[in-house]
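Next comes the sequence, and after it the predicted model I'd like to discuss.
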Amino acid sequence: MNYVAEVAACILSHCSKEKLLGAEVYAAIAEWEKKGVPSELVRASIDEAFLDTDGLYNGNLPVALIKDVVMSNFKSWLARGT
């Protein structure tokens, strides 16, 4: 499975079956891939974002919130040098 499909599937796994991802989500995924954010870190960050909000957004988290968690975790990951 490619990076985009893998990350999109992770997001969709937290949403209702009828959910479709918009262009803003795919743009964020492409940005993470371009920056070299490991897909494992992105998937863990997505899981974290959904857990932290505990259903607050009914499975429809704002893309900005997911982006914040991903980039915060990526910066920490880079700082650790792993």
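Done, it's in. Just so it is clear, the structure is predicted and the values come from calculations on it, not from any experiment.

Could you use CA atoms for every contact and neighbour count after this?
OK.

So which residue is smack in the middle of this protein?
For the chain, Ile46 is the residue whose C-alpha lies nearest the centre (CA atoms, centre = their mean; 4.0 Å).

Show the contacting residues for the residue lying closest to that one once chain neighbours are set aside.
In this structure, Ile46 finds its nearest non-sequential neighbour in Ile66, 6.2 Å apart by CA to CA, 6 or more residues apart in numbering. For Ile66, the contact set (CA atoms under 8 Å, 6 or more residues apart in numbering) comprises Ser45, Ile46, Ala49.

just for this structure, where's the confidence low?
Residues of the chain meeting the criterion pLDDT under 70: 55, 57, 59, 82.

Now do the strands in it.
With DSSP state E as the definition, the chain shows no strands.

Counting residues, which helix of the chain comes out longest?
Longest helix in the chain by number of residues (criterion: DSSP state H): helix 63-80.

Next one: the residue nearest to Val37 when sequence neighbours are not counted from Ser39, what distance?
Leaving aside its sequence neighbours, Val37 sits nearest to Phe74 (CA to CA, 6+ apart; 6.5 Å). From Phe74 over to Ser39 the distance is 11 Å, taken as CA to CA, to the nearest Å.

Contact partners for the residue nearest to the centre of the chain?
Cys10, Ile11, Ile66, Val69, Val70.

and these, which two are the farthest apart?
Cys10 and Val69 (14.6 Å; CA to CA).

ok, Cys40 - how many residues close by?
Slight slip there: residue 40 is Glu, not Cys. Using other CA atoms under 10 Å, Glu40 is surrounded by 12 other residues.
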